[in-house]
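[1] Next input, structure requested:
(chains A and B)
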Amino acid sequence: MHTRIKLIFVVLAAILAGTVQAQDGNSARDKEELQMIALEALIHVPEERALPAVLKLLESGGSDDLMESAMFVLGQMDSPEAAAALLDFARNGNGDAREEAIQMIGINGDATAMAALADIYADGDEDTREAVLEAYLIADDVDAVFAIAMAATNDDDYEEAVETLAVMDAREELKKLREAKGPSEAFVDAAIISDDHEELERLARDSSNPDVQTEAIEALGIVDGPNAEAVLLEIYKSSTNDDVREAAIDGLFIGDYGEAILELYRSSTNAREKGELLEALVVMDSDLAMDIIDDALAGDQ
Amino acid sequence: MRLANRSSSLTANLLLIIALVAASIFSEARAAEAISFGDDGWYTWQVATTGEFAEEKFYVRVKSGEPKEIEIIGHWCRGWKRSVTRYPDATDLGLVDTDVSLDWFEQYIGDRSDLGSDALAAISMHDSGRAVQIMIDVVESDAHMDVREEAVFWMAQSESEAAFAYLDKLLMKR
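    Take a look at the predicted model:
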């Protein structure tokens, strides 16, 4: 009996402790939520009043989420003090908040902080380098991204920089880069991103790098430029390279150019090739496949 | 020494009685001045204040004797043409005591319709220490997190030093 009472007390104490702990957890979460709201509300407040509050928060510290919000709020401010706080966090902070600080330097656009991003990129890890590229993208600093691409010492950094230039629609810089470094698959991706069908057509006709060429041919169907169908047909007809011809069919398939595939089917005299072209039409679920079947049944083809 | 203690205790009691009587008279006076509406339609009033909030006009739409909508038109929507001409037929209650106005809005805090949210906004536009205290009380003890969050938001917009001091403290709390 005595043991049973003891047990009941132990269970009750455990339940009580659990409840108190859960309440503490809720209250900590509530407090952070309120702090988040307070920070976000500061965006609508004159900077001379909002900045001191954010700087005090940075001094006292907080969770990564809270610091990230603080960086966002600082990014909306124009003063050199806000830029200095962002730069300080970009140099000395950590976690997602640090990446946010770097990106917000791009929004703030302060010249000193922007100039400091080059060193942060050079010394940073992959996430940091990505954040710096985003900051340059936000600030539309094409020259800085071009410099990174030219100086890149590994494929990943180079491709990231090339893609960023594509998002910035920096076609001149991409052209200069291709001339300096030669064609690569990064330029195919860049042409897709920037919807540059002329560049893609140029890469599709350039046989100096077969991998890049076949990828560019397929991508013509993705970008769906005004001449894509005709260019793919022409590449297919004029090439004797199987990989190039296969890529052209893939491009026609991706671009849903059924009429072009039908034309190739009708002009082909090779049974294996006809089979592949018919298969492409069937997979495309094109009515044109039925035309071919009807023709075959009628004995025309 | 004992006599001095008794005298100070008597003084304290006397002051307490005076304070209670004054509070009772004051609350009766406020009750007498309490905002009341007649027919359905829009009603408007201002509170006696200076600075940015001197321009604030509070509008309440009454339907079937009940407030249905609150709008605040003032310095923050300056230049917004419709704000000037929107409610030309509103019944103007004139200048209303700040505490009376706060009493009226306070009763709708936590109302689950827009009324609750707009009441908090209206309270934040009263240039008064009591307005800030009402919002602090909501932040610290309202049962609904969304209401507490709205109070924080409106404190930041209130342009009050006291509200900012509280927000500073809130942001630094670990």
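
[2] Now for residue 67: which residues touch it?
    In the absence of a named chain, chain A is used. Neighbour list for A:Met67: A:58, A:61, A:89, A:93, A:95, A:97, A:100 [criterion: Cβ atoms under 8 Å, 6 or more residues apart in numbering or on different chains]. In short, each C-beta sits where N, CA and C put it, glycine included.

[3] ah, no, chain B please
    B:37, B:60-61, B:108, B:115.

[4] Tell me the spacing between the residue in chain A positioned nearest to chain B and A:Ala260.
    In chain A, no residue comes nearer to chain B than A:Ala41, which is 3.4 Å away by Cβ to the nearest Cβ. Distance, A:Ala41 to A:Ala260, using Cβ to Cβ, to the nearest Å: 58 Å.

[5] How is chain B partitioned into domains?
    The record's domain parsing of chain B by automatic domain parsing lists B:1-32, B:41-172.

[6] nearest to A:Asn270, of those?
    Proximity to A:Asn270 (Cβ to Cβ) singles out domain B:41-172 among these, at 69.8 Å.

[7] Could you give the separation of the closest one from the chain centroid?
    Distance of domain B:41-172 from the chain centroid (Cα atoms, centre = their mean, to the nearest Å) equals 6 Å.

[8] Within the helices and strands, which one has B:Ile72?
    For B:Ile72, the host element (DSSP states H and E) is strand B:66-73.

[9] Okay, buried residues for that strand please.
    Using 16 or more other Cβ atoms under 10 Å in any protein chain shown as the burial criterion, the residues of strand B:66-73 that qualify are B:67, B:70-73.

[10] need the next SSE after the helix or strand harbouring A:Asp143, C-terminal direction.
    In the assignment (DSSP H and E), A:Asp143 maps to helix A:142-151. Moving toward the C-terminus from helix A:142-151, the next helix or strand (DSSP H and E) is helix A:155-167.

[11] circling back to that earlier point, between the contacts of B:Pro67, which is nearest A:Ala170?
    Among these, B:Leu115 lies closest to A:Ala170 (Cβ to Cβ), at 52.6 Å.

[12] residues in contact with the nearest residue to that closest one once chain neighbours are set aside?
    Distances taken as Cβ to Cβ, 6 or more residues apart in numbering or on different chains place B:Tyr108 nearest to B:Leu115, at 4.9 Å, with adjacent residues excluded. If you count contacts by Cβ under 8 Å, 6+ apart, B:Tyr108 has them with B:67, B:70, B:115-116, B:118-119.

[13] cool, and A:Pro183?
    Contacts were defined as Cβ under 8 Å, 6+ apart; by that measure A:Pro183 touches A:203, A:206, A:208-209, A:212.

[14] hmm, which two among these are most spread apart?
    Largest pairwise distance in the contacts of A:Pro183, by Cβ to Cβ, is 9.8 Å, between A:Leu203 and A:Ser208.

[15] Please identify which of the contacts of B:Tyr108 is nearest to A:Val45.
    Lowest distance from A:Val45 to the contacts of B:Tyr108 (Cβ to Cβ) belongs to B:Asp118, with 19.9 Å.

[16] Just the contacts of B:Pro67: which are in strands?
    Applying DSSP state E to those, the entries found in strands are B:60-61.

[17] just checking, next helix/strand downstream of the helix or strand hosting A:Ile105?
    If you go by DSSP H and E, A:Ile105 is part of helix A:95-108. Next along the chain after helix A:95-108, taking DSSP H and E as the criterion, comes helix A:111-123.

[18] on that earlier part again, nearest to A:Ile222, of the buried residues of strand B:66-73?
    Closest approach between the buried residues of strand B:66-73 and A:Ile222, by Cβ to Cβ: B:Glu71, at 51.7 Å.

[19] So A:Leu203 and A:Ser208 - more neighbours on which side?
    A:Leu203 (26 against 9; other Cβ atoms under 10 Å in any protein chain shown).

[20] Could I get the contacting residues of the more buried one?
    Counting by Cβ under 8 Å, 6+ apart, A:Leu203 touches A:183, A:187-188, A:191, A:212-213, A:216.

[21] looking at those, which has the most residues close by?
    A:Phe187 (30 neighbours).

[22] what about that one, which SS state?
    The three-state assignment at A:Phe187 reads helix, by DSSP: H, G, I helix; E, B strand; the rest coil.

[23] secondary structure class for the residue nearest to it when sequence neighbours are not counted?
    Leaving aside its sequence neighbours, A:Phe187 sits nearest to A:Arg178 (Cβ to Cβ, 6+ apart; 5.5 Å). Here A:Arg178 is recorded as helix under three-state DSSP.

[24] State the helix or strand in which the residue nearest the centre of chain B lies.
    In chain B, the centroid-proximal residue (Cα atoms, centre = their mean) is B:Leu102; its distance is 2.6 Å. Using DSSP H and E, the element containing B:Leu102 is helix B:98-106.

[25] elements contacting that helix?
    Applying 3 or more Cβ pairs under 8 Å, 6 or more residues apart in numbering or on different chains; DSSP states H and E, one finds that helix B:98-106 contacts helix B:2-33, strand B:41-47, helix B:114-124, helix B:129-141.

[26] Beyond the helix or strand bottoming out on mean pLDDT in chain A, next helix or strand please.
    Using mean pLDDT, DSSP states H and E, helix A:2-41 stands out as the lowest-scoring helix or strand of chain A, at a mean of 68. Using DSSP H and E, the next helix or strand after helix A:2-41 towards the C-terminus is helix A:47-60.

[27] Point out where the chain drops to low pLDDT.
    Picked chain A for this. Within chain A, the ranges that satisfy pLDDT under 70 run A:1-26, A:299-301.

[28] oops, I was thinking of chain B
    Counting by pLDDT under 70, the ranges of chain B that qualify are B:1-33, B:50-54, B:75-85, B:173-174.
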